[in-house]
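A.B. asks: for reference, the sequence and a predicted model appear below.
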Amino acid sequence: IKDSGSIDVNRPELLLQRHQKPVTPLLFLQCVCNFRIINHGEYSMRNHHKLFFAMLAGLILAGCDETTVPPPAETEVSVIVVQPQDVPVTSEFVGKTVSSRRIEIRSRVEGFLEERLYDEGAMVHEGQIMFQMDRKPFEAQLNAAKAELAQQQARLANAEANLARVKPLAEQNAVAQKELDDAISMFRSSAAAVEAARAKVMQADLDLGYTSIYSPVSGISSFARKREGSYIGIGGDALLTYVAQLLPMWVEFSISENQLFKTIANKKSGLVKAPEGDRYEVEIQLADQSIYPHRGQITFADASLSEETGTFLIRAEIPNPDEQLRPGQFVRARVLGAVRPGAVLIPQRAVQQGAEGSFVWVVENGETRFQPVKTGPWQGDDWFIEAGLEGGEQVIVDGALTVRPGMPVKTVPYRAASQKDGA
């Protein structure tokens with residue numbers, strides 16, 4: 001710097017050219033601060049600006065000298081290796097529990113309700129008395145029927161005795177034939193009257209028995225629709241309550257026409273393999289998200305399409321040994337048993353949507369590649385891929401939103417949430 005001499009402010013680079021050392025920001029500042037201004041011993045505002053820009057240019061050049069820009073760090077992404085495999089296919093529907101036998105408890109005779117003999121909402125057993133009607137009018141009818149029967153039996157005995165007297169006399173022509181005919185007619189009429197009276201006794205006895213109303217099945221009872229002292233008629237007014245059998249239970253759900261046709265087409269094409277004998281199992285999920293421990297089987301499929309809903313009714317029979325299920329519960333019914341052979345299944349989060357449809361990011365030779373795919377139905381948190389992936393590809397699951405084609409990435413194995421929780 002000492003031998004720098006007088007340097008024109010318009011050409012401060014001459015000072016830098018005299019130095020043999022590499023130009024650094026500190027050296028440049030030292031040079032600028034020590035050179036002398038030769039234009040009239042002072043510099044103008046214009047020269048001040050030139051000096052400022054010269055210092056700035058020097059700093060930029062000095063900062064770029066012998067400096068290496070580090071390469072960008074590789075983005076870390078989690079990947080899953082595509083492996084075709086036989087995957088169980090689960091179809092889920094919203095269902096409702098129904099009693100396998102829902103019995104209406106009705107009165108068979110008219111009269112006044114005397115007593116309710118069960119606890120509403122409690123379990124009742126087959127043959128248990130639930131209601132008692134007033135028996136007295138029916139006991140009186142029974143006694144009257146018995147009295148009429150006795151009267152007709154007495155008449156029959158008299159007619160039988162009369163016939164026994166007339167018949168020998170008629171054989172000897174001691175009486176007219178008409179008397180014999182009248183005796184026979186009286187006997188037969190009396191015998192018929194006895195049978196009619198006996199039927200009335202039976203009917204009166206039945207009516208008396210109907211005053212005690214029993215449960216025909218074991219199950220859960222409903223509330224009483226009639227109270228003590230109410231008059232019970234015949235028909236719609238005769239309904240007292242109902243009993244729902246809980247063992248077994250039914251779960252009813254509906255399948256749409258499109259779903260049915262698609263299922264049939266998948267079976268014919270071999271895309272889905274049905275269980276042997278089409279014996280599908282049904283698993284149900286309760287309202288608290290718990291899985292019911294007992295599985296059932298489909299036992300009924302309606303033959304016709306509902307005109308109101310456009311769906312087919314499906315019914316499954318579910319064991320209920322602990323009587324945990326009750327009629328009217330809404331559940332999720334999962335139909336199990338079908339298998340999708342050689343299926344490609346990847347997490348849903350790995351699939352993205354673009355202008356031309358679904359796609360995934362594939363890692364190949366350490367770089368990312370755009371891969372269009374054709375998606376199928378969902379399977380839990382995963383997605384069936386029907387076209388675009390053959391097997392062996394590394395598909396990005398986490399970090400796919402930050403990549404672009406040809407971008408170098410660092411891969412780590414993908415771990416599902418359940419695996420992370422288990423670890």
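C.D. replies: Perfect, thanks for sending it.
A.B. asks: and the strands in the stretch 51-200 of the chain?
C.D. replies: Along the stretch 51-200 of the chain, counting by DSSP state E, counting those that start in this stretch, strands occupy 75-81, 85-106, 111-116, 123-124, 129-133.
A.B. asks: put the alpha carbons of the third one into CSV.
C.D. replies: Extracted as CSV, the C-alpha positions of strand 111-116 are listed here (Å, rounded to 0.1, in the frame of the first residue of the first chain):
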residue,chain,number,x,y,z
GLY,A,111,-112.4,-57.7,28.4
PHE,A,112,-110.8,-55.5,31.1
LEU,A,113,-107.1,-55.7,31.9
GLU,A,114,-106.8,-56.7,35.5
GLU,A,115,-103.0,-56.9,36.1
ARG,A,116,-99.6,-56.6,34.4
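A.B. asks: direction-wise, compare the biggest helix by length in the chain with strand 111-116 and give the angle.
C.D. replies: Assignment by DSSP state H gives helix 136-171 as the longest helix of the chain. With axes from the mean of the first three to the mean of the last three CA atoms, to 10 degrees applied, the angle from helix 136-171 to strand 111-116 works out at 130 degrees.
A.B. asks: helix 136-171 packs against which elements?
C.D. replies: Packed against helix 136-171, as judged by 3 or more CB pairs under 8 Å, 6 or more residues apart in numbering; DSSP states H and E, are the following elements: helix 177-210. Where you see a C-beta, it was placed from the backbone N, CA and C, and this is true even at glycine.
A.B. asks: kindly reformat the strands of the stretch 51-200 of the chain as CSV containing distance to residue 401 and mean neighbour count.
C.D. replies: Formatted as CSV, the strands of the stretch 51-200 of the chain follow (distance: least, CB to CB, whole Å; neighbours: other CB atoms under 10 Å):
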stretch, distance to residue 401, mean neighbour count
strand 75-81, 10, 17
strand 85-106, 27, 16
strand 111-116, 67, 16
strand 123-124, 57, 18
strand 129-133, 66, 19
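A.B. asks: what's the closest of those strands to residue 180?
C.D. replies: Proximity of those to residue 180 was assessed by CB to CB; the nearest stretch is strand 111-116, lying at 49.0 Å.
A.B. asks: returning to that earlier point: list the buried ones in the longest helix of the chain?
C.D. replies: 137-138, 141-142, 145-146, 148-149, 152-153, 155-156, 159, 162-163, 166, 170 (16 or more other CB atoms under 10 Å).
A.B. asks: point to the helix or strand of the protein where mean pLDDT is at its lowest.
C.D. replies: Ranked by mean pLDDT, DSSP states H and E, the weakest helix or strand in the chain is helix 13-17, scoring a mean of 48.
A.B. asks: which ones are touching the closest residue in space to residue 327 that isn't next to it in sequence?
C.D. replies: Sequence neighbours aside, residue 99 is the residue nearest to residue 327 in space, at 4.5 Å (criterion: CB to CB, 6 or more residues apart in numbering). Each residue near residue 99 by CB atoms under 8 Å, 6 or more residues apart in numbering is listed here: 219, 244-246, 249-250, 327.
A.B. asks: show me the two of those residues that sit farthest apart.
C.D. replies: 219 and 250 (13.1 Å).
A.B. asks: for the strands of the stretch 51-200 of the chain, give me JSON lines that also has distance to residue 268 and mean pLDDT.
C.D. replies: Shown next, in JSON lines, are these (distance: least, CB to CB, whole Å; pLDDT from 0 to 100):
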{"stretch": "strand 75-81", "distance to residue 268": "31", "mean pLDDT": "89"}
{"stretch": "strand 85-106", "distance to residue 268": "15", "mean pLDDT": "92"}
{"stretch": "strand 111-116", "distance to residue 268": "58", "mean pLDDT": "94"}
{"stretch": "strand 123-124", "distance to residue 268": "48", "mean pLDDT": "94"}
{"stretch": "strand 129-133", "distance to residue 268": "53", "mean pLDDT": "96"}
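A.B. asks: select, out of these, the one closest to residue 230.
C.D. replies: Nearest of the strands of the stretch 51-200 of the chain (CB to CB): strand 111-116, 4.9 Å.
A.B. asks: hmm, back to that, JSON lines for the contacts of residue 99, including distance to residue 408?
C.D. replies: Putting those into JSON lines (distance: CB to CB, whole Å) gives the following:
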{"residue": "219", "distance to residue 408": "69"}
{"residue": "244", "distance to residue 408": "66"}
{"residue": "245", "distance to residue 408": "67"}
{"residue": "246", "distance to residue 408": "63"}
{"residue": "249", "distance to residue 408": "59"}
{"residue": "250", "distance to residue 408": "59"}
{"residue": "327", "distance to residue 408": "62"}
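A.B. asks: list only buried entries from the residues you listed.
C.D. replies: 219, 244-246, 249-250, 327.
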